[in-house]
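1. from the sequence below, what's the structure:
(one chain, ligands or ions: 2)
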Amino acid sequence: MTTRILITGSSGQVGFELKRALALQGELICPPRQAFDLAQPASLAAALDSWQPDIIVNPAAYTAVDRAEDEPALAQAINADAVAVMAQWAAAHHALLLHYSTDYVFDGDKTGAWREDDAAKPQSVYGSSKWQGEQAVRASGCRHFILRTSWVAGIYGQNFLKTMLRLAASRDSLSVVADQFGAPTPASLLADVAANLVQRTRSTQGQPYGTYHVAAQGRTSWHEYASYVIALAREAGWPLQLAAAPQAIPGSAYPQKARRPANSQLDCSKLMQAFDLQLPHWQPAVKQIFDTLDNLK
Ligand SMILES: NC(=O)C1=CN([C@@H]2O[C@H](COP(=O)(O)OP(=O)(O)OC[C@H]3O[C@@H](n4cnc5c(N)ncnc54)[C@H](OP(=O)(O)O)[C@@H]3O)[C@@H](O)[C@H]2O)C=CC1
Ligand SMILES: Cc1cn([C@H]2C[C@H](O)[C@@H](COP(=O)(O)OP(=O)(O)O[C@H]3O[C@@H](C)C(=O)[C@@H](O)[C@H]3O)O2)c(=O)[nH]c1=O
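-> Ligands and ions are numbered 1, 2, ... in the order given. Next up, the predicted model:
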């Protein structure tokens with residue numbers, strides 16, 4: 001029988017890549033927002049009943065980190081309450097739920113890389129709503145994977161990499177925070193890892209379901225990341241207004257509504273060991289995204 005795979009948020013960065021990565025694994029159900037609106041959690045069970053997915057992949061989220069501070073109820077509905085409905089439906093129907101979460105569940109105050117069992121202490125409405133979504137998945141008892149990631153970038157949708165290219169093309173000065181650390185992670189990698197895990201659940205062996213960190217390897221700052229991308233654009237001959245590298249500034253000099261963690265680096269060894277996977281270093285991963293954007297130009 002054909003596996004029915006529901007992908008939420010399929011127009012987002014990760015969702016778009018999931019359509020490619022999961023295309024051969026079953027019949028994909030990719031509803032537009034109006035047909036499966038996570039802001040209306042009470043409406044979701046009826047849609048799930050009609051589609052009867054075997055697998056629910058949920059990259060959809062309220063991802064506007066600063067705006068969430070002004071819309072906590074909406075962020076909570078989309079990132080937590082709707083996730084609870086999907087998880088409970090999955091538990092009742094023996095479906096698999098693959099859900100994405102974020103480095104922003106941590107406070108950023110650890111010296112080393114964050115492990116899956118480190119205590120969450122979100123500092124923002126977004127981080128808090130994502131943490132509540134995670135807890136709802138675990139509480140439901142459904143078979144699940146929660147993939148926690150950081151600083152997602154890709155070809156489709158909006159992200160920091162594209163913002164830096166846009167600003168470097170249009171401004172003659174740019175200041176970027178240099179005391180927040182993490183790793184940019186390709187949306188395509190997150191989709192490929194999901195496809196790999198889904199494929200493995202088809203074997204009859206017991207699966208190591210649970211929570212995993214998935215991010216590109218190494219550690220950088222937003223400033224180093226921006227400088228690297230802008231240098232790539234300069235080398236490739238992009239017409240840039242910005243004459244020099246961006247200026248490095250402390251987070252305190254870039255006031256924002258939501259607090260970002262100082263250290264977001266995720267330790268991904270649990271995933272790499274459990275599934276014998278290698279993850280790329282952030283620099284070649286970012287270069288590959290840039291090269292694709294360059295070719296599409
Ligand atoms: N972006 C990042 O840097 C990071 C993301 N993550 C997590 O990874 C996952 C994927 O992120 P990413 O692909 O970047 O997110 P995007 O912001 O690119 O996409 C989010 C998707 O969610 C959809 N969505 C938003 N609100 C609703 C709603 N009410 N009902 C249905 N769909 C909705 C959007 O639909 P529409 O197109 O209609 O707006 C969009 O397709 C998320 O869970 C996010 O929390 C984790 C770490 C970093
Ligand atoms: C645009 C800009 C940002 N910054 C800083 C602000 C912030 O500290 C950092 C990142 O900025 P952004 O607001 O683009 O990124 P932000 O929305 O915080 O990105 C986060 O999104 C959510 C969804 C996640 O889950 C996180 O992993 C993370 O990727 O860069 C500058 O210093 N200069 C600038 O010109």
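
2. OK, contacts around the closest residue to ligand 1 within the chain?
-> Of all residues in the chain, the one sitting closest to ligand 1 is G12 (2.1 Å; Cβ to the nearest ligand atom). Every C-beta, even on glycine, is put in place using the N, C-alpha and C of the backbone. Listed by Cβ atoms under 8 Å, 6 or more residues apart in numbering, the contact set of G12 reads 59-61, 63, 156-157.

3. just the helices in the protein please.
-> Secondary structure of the chain by DSSP state H: the helices cover 13-21, 44-51, 72-76, 82-93, 125-140, 160-170, 187-200, 222-235, 269-275, 282-296.

4. in the chain, where is pLDDT below threshold?
-> 204-206 (pLDDT under 70).

5. so can I have JSON lines of the helices of the chain showing mean neighbour count?
-> Converted to JSON lines, the helices of the chain look like this (neighbours: other Cβ atoms under 10 Å):
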{"stretch": "helix 13-21", "mean neighbour count": "22"}
{"stretch": "helix 44-51", "mean neighbour count": "14"}
{"stretch": "helix 72-76", "mean neighbour count": "18"}
{"stretch": "helix 82-93", "mean neighbour count": "22"}
{"stretch": "helix 125-140", "mean neighbour count": "22"}
{"stretch": "helix 160-170", "mean neighbour count": "17"}
{"stretch": "helix 187-200", "mean neighbour count": "20"}
{"stretch": "helix 222-235", "mean neighbour count": "20"}
{"stretch": "helix 269-275", "mean neighbour count": "16"}
{"stretch": "helix 282-296", "mean neighbour count": "17"}
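
6. for those helices, which one sits closest to V105?
-> When these are compared for distance to V105 using Cβ to Cβ, the nearest one is helix 125-140, at 4.4 Å.

7. name the residues that touch the closest one?
-> Contacts for helix 125-140 (Cβ under 8 Å, 6+ apart): 61-65, 68-69, 71-72, 75-76, 78-81, 83-84, 87-88, 90-91, 97, 99, 101-102, 104-106, 120, 122, 144, 146, 148, 211, 258.

8. could you work out the most separated pair of the contacts of G12?
-> A61 and Y156 (15.3 Å).

9. which of the two has more residues huddled nearby?
-> Taking neighbours as other Cβ atoms under 10 Å, A61 and Y156 compare with A61 leading, 25 against 15.

10. residues contacting that one?
-> Here A61 is in contact with 9, 12, 78-79, 100, 130 (Cβ under 8 Å, 6+ apart).

11. now intersect these with the strands, please.
-> Y100 (DSSP state E).

12. ok, now which ones touch G141?
-> A91 are the contacts of G141 under Cβ under 8 Å, 6+ apart.

13. torsion angles phi and psi at it?
-> Main-chain dihedrals, G141, degrees, to the nearest 10: phi 80, psi 10.

14. how near is it to A258?
-> 32 Å (Cβ to Cβ, to the nearest Å).

15. again, but for D117
-> In terms of Cβ to Cβ, D117 sits 25 Å off from A258.

16. which among the contacts of helix 125-140 count as buried?
-> 61-63, 65, 68-69, 75-76, 78-81, 83-84, 87-88, 90-91, 97, 99, 101-102, 104-106, 120, 122, 144, 146, 148, 211, 258 (16 or more other Cβ atoms under 10 Å).

17. ok, back up a step: same for ligand 1: which of the contacts of G12 are within range?
-> Checking the contacts of G12 against ligand 1 by Cβ under 6 Å from any ligand atom, the ones in range are 59-61, 63, 157.

18. which one of those is nearest ligand 2?
-> Distances from ligand 2 to those, taken by Cβ to the nearest ligand atom, are shortest for T63, at 3.9 Å.

19. gap between the closest one and A231?
-> Taking Cβ to Cβ, one finds T63 at 27 Å from A231.

20. what do you get for G15?
-> For G15, the distance to A231 (Cβ to Cβ) stands at 30 Å.

21. check P59 too.
-> In terms of Cβ to Cβ, P59 sits 30 Å off from A231.

22. ok, now I55?
-> Distance from I55 to A231, by Cβ to Cβ: 41 Å.

23. near ligand 1, which residues of this protein?
-> So far as Cβ under 6 Å from any ligand atom goes, the chain lies against ligand 1 at 8-9, 11-15, 33, 36-39, 59-63, 78, 100, 102, 130, 149-152, 157, 187.
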